[in-house]
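Q: Sequence and predicted structure below; questions after.
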Amino acid sequence: MSKFLRNSFILVLVIMFIVAFSSSYLSLSIDNLAYVLAIGIDKGLDNYLEVSFQFSTTANSAESGSSEKTPVIMDSVSAPSLSTAINLMNSYMGKELNMSHCKIIIFSEELASEGISKEIYTLINDTQVRPSANIVVSKCSAKSYIEKTSPELDHFISKYYETFANSSKYTGFKPDATIGDFFNSLICKTCQPYAILGGLTTEKPANQEDNYIQENYNVKANQTPIEGENGSENVGIAAFKDDKLVGELCAIETVSFLVLKNRIDRFLISIPDPDDTDNYLDIYLNPKENTTVSIDTTTSSPYVKVKTGFSGKIYSMTKNSKYLQPETLSNISESCNAYLESVLNDYLYKTSKNLKSDINGFGKYALGNFFTTQDFDDYNWLENYQNAFFEVQVDTSIKSGMLITET
């Protein structure tokens, strides 16, 4: 074959490839895609789902200027399944839905109580859905949660969805729960799933009691005294047994969950003042080292030992207190230890006896006690967890505040 014929043949092949794939390229261009930012799934009528999709109108936002928030669109559809809802929305929008930018997936409390494994499997099976998308169980309808979410400090709501769970590291009031983690826990034999607990902000309760500051650590979504433009809030954990919602955990219980998971950098608590029983001290704590867990599985009632430690600083000051005196700091440390041991024990027995759900994944520690996987399966950890007993040891070292050391 001559050089001319060979070059001609190659040119024909290139043209054929361009013609063959040009329509595919055009169909997947950005102008023909509708990017989903959030998905809300509610229970509809007659065993149908009501699925809400939130989109960002990026073209309009570019014209509106950087000082304005990005406009968003939300449309809902009723369908017998999530796949059908997506297909119907494709037809309605005249564009193909793209899930690659979906940051958050919200399930209503009502639907989560009945089971959401079918929807979880559908979403995970979609290669566009990122495992890092957060999963929220809302005490209101998922549709209302999306409608009311209006971040005050972010112009782009997608940015808010991407970062709102970061506060788990420094408050401990909500977990960083993703659909990937949820799916892994759903098929796991050593743990159970969990999600962020969401809801709507409410007006600050009237006639508050004197110890209301302490009660702030017992609140969860739909109960906080927060007032602001953002109509949604996320405080607490939605605990699951298999794919069904079985209970909710408040703010201080969420702190306990994160401490035991070693997923918290620092957090603030209020403990009883050892020098004044009518007063509370605000203490900022940092874990000194990872929490350790050991489990005895020689009987059908697992015995779980937990050891953890913190270093802390006093954030609240009271008149005439001697925060430099070793005796005072020692008493505060002991009070902190007693308080945290009580909080952690209450949390552990609640998950074990009331919820019967090992959302902390203690089963991974128990697994090492068995020679084979079959032995572990025969032990039936997820069911035996409800028979567990716990021992918690906390070692805290409290220092005075950085600026004010004595009053």
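A: Okay, I see it.
Q: Mind jotting down where the strands sit in the protein?
A: Secondary structure of the chain (DSSP state E): strands at 33-43, 49-56, 72-79, 96-98, 104-108, 134-138, 194-200, 232-241, 244-249, 267-273, 276-287, 292-296, 303-314, 389-399.
Q: Let's check: the centremost residue of this protein is which one?
A: Most central in the chain under Cα atoms, centre = their mean is A177, positioned 3.1 Å from the mean C-alpha point.
Q: thinking again about what came up before, can you say which of the strands of the chain is nearest to P151?
A: P151 lies closest to strand 232-241 among the strands of the chain, at 9.3 Å (Cβ to Cβ). (Glycine included, C-beta is placed from N, CA and C.)
Q: Give me the packing partners of the closest one, helices and strands only.
A: Here strand 232-241 touches helix 109-114, strand 134-138, strand 194-200, strand 244-249, helix 251-261, going by 3 or more Cβ pairs under 8 Å, 6 or more residues apart in numbering; DSSP states H and E.
Q: so can I have TSV of these showing mean pLDDT and mean neighbour count?
A: As requested, the helices and strands packed on strand 232-241 are exported to TSV (pLDDT from 0 to 100; neighbours: other Cβ atoms under 10 Å):
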stretch	mean pLDDT	mean neighbour count
helix 109-114	97	18
strand 134-138	98	28
strand 194-200	96	27
strand 244-249	98	20
helix 251-261	97	24
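Q: Throw these into TSV and include distance to N87, thanks.
A: Listed next are these as TSV, based on distance: least, Cβ to Cβ, whole Å:
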stretch	distance to N87
helix 109-114	20
strand 134-138	22
strand 194-200	26
strand 244-249	27
helix 251-261	37
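Q: what residue ranges in the stretch 1-150 of the chain score low on pLDDT?
A: Applying pLDDT under 70 to the stretch 1-150 of the chain flags residues 1-30, 58-71.
Q: coming back round to it: got the strands of the chain as a markdown table, with distance to D126 columns?
A: Output for the strands of the chain, formatted as a markdown table (distance: least, Cβ to Cβ, whole Å):
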| stretch | distance to D126 |
| --- | --- |
| strand 33-43 | 11 |
| strand 49-56 | 13 |
| strand 72-79 | 16 |
| strand 96-98 | 10 |
| strand 104-108 | 11 |
| strand 134-138 | 14 |
| strand 194-200 | 19 |
| strand 232-241 | 21 |
| strand 244-249 | 23 |
| strand 267-273 | 35 |
| strand 276-287 | 37 |
| strand 292-296 | 35 |
| strand 303-314 | 38 |
| strand 389-399 | 40 |
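Q: Nearest to S117, out of those strands?
A: Short answer: strand 244-249, nearest of these by Cβ to Cβ, at 8.8 Å.
Q: who does S294 bridge with?
A: S294 has these beta-bridge partners by DSSP bridges: K305.
Q: Start at 718, not 1
A: In the new count, where the first residue is 718, that last one comes out as S1011.
Q: doesn't F1079 make contact with it?
A: No - in this structure, S1011 is not within contact of F1079 by Cβ atoms under 8 Å, at 10.1 Å.
Q: For those two, indicate the residue with more neighbours.
A: F1079 (24 against 14; other Cβ atoms under 10 Å).
Q: and that one, backbone torsions?
A: Phi and psi for F1079, reported as degrees, to the nearest 10, are phi -70, psi -20.
Q: Excluding covalently adjacent residues, which one is nearest to L914?
A: G953 (3.7 Å; Cβ to Cβ, 6 or more residues apart in numbering).
Q: is it true that that neighbour touches T971?
A: Yes - using Cβ under 8 Å, G953 makes contact with T971 at a distance of 5.6 Å.
Q: Give the residues shared as contacts by the two.
A: Listed as contacting both G953 and T971 by Cβ atoms under 8 Å, 6 or more residues apart in numbering are F890, K891.
Q: Quickly list what's touching both of S1011 and F1079.
A: With Cβ under 8 Å, 6+ apart as the test, S1011 and F1079 both reach V1021.
Q: Quick check: S849 vs K906, distance?
A: 24 Å (Cβ to Cβ, to the nearest Å).
Q: got it, and L1057?
A: Taken as Cβ to Cβ, the span from L1057 to K906 is 30 Å.
Q: same thing with N1097?
A: Distance from N1097 to K906, by Cβ to Cβ: 9 Å.
Q: swap in N979?
A: On the measure of Cβ to Cβ, N979 and K906 end up 21 Å apart.
Q: Over to L870?
A: 42 Å.
Q: More neighbours: which of those two?
A: K906 (13 against 8).
Q: The more buried one touches E1100, doesn't it?
A: No - look at K906 against E1100 with Cβ under 8 Å: they stay out of range, at 10.8 Å.
Q: what is in contact with the two at once?
A: Joint contacts of K906 and E1100 (Cβ under 8 Å, 6+ apart) do not exist.
Q: tell me, how many neighbours does the residue nearest to N1101 when sequence neighbours are not counted end up with?
A: In space, and not counting its chain neighbours, N1101 is closest to S1017: 5.6 Å by Cβ to Cβ, 6+ apart. As a burial measure, S1017 scores 10 neighbours (other Cβ under 10 Å).
Q: distance of C819 from D1112?
A: Applying Cβ to Cβ to C819 and D1112 gives a distance of 43 Å.
Q: again, but for Y1001
A: Counting by Cβ to Cβ - Y1001 and D1112 are separated by 17 Å.
Q: what residues are up against the closest residue to L840 other than its chain neighbours?
A: With Cβ to Cβ, 6+ apart as the measure, V846 is the residue that lies nearest to L840, at 4.9 Å, once sequence neighbours are left out. For V846, the contact set (Cβ under 8 Å, 6+ apart) comprises M816, S817, C819, L840, I896.
Q: Between all of those residues, which two are separated the most?
A: It's S817 and I896 that sit farthest apart of the contacts of V846, by Cβ to Cβ, at 13.7 Å.
Q: between C819 and D1112, which one's more packed in?
A: C819 (25 against 15).
Q: Do I have it right that the more buried one meets R847?
A: Yes - if you go by Cβ under 8 Å, C819 and R847 touch, sitting 7.1 Å apart.
Q: ok, now which ones touch Y1096?
A: T1014, S1017, A1083, F1087.
Q: what about the second one, distance to S1011?
A: What that stands for is S1017. 18 Å.
Q: And the third one, by the same measure?
A: Between A1083 and S1011 the distance is 10 Å, computed by Cβ to Cβ.
Q: That's all I had, so thanks and see you.
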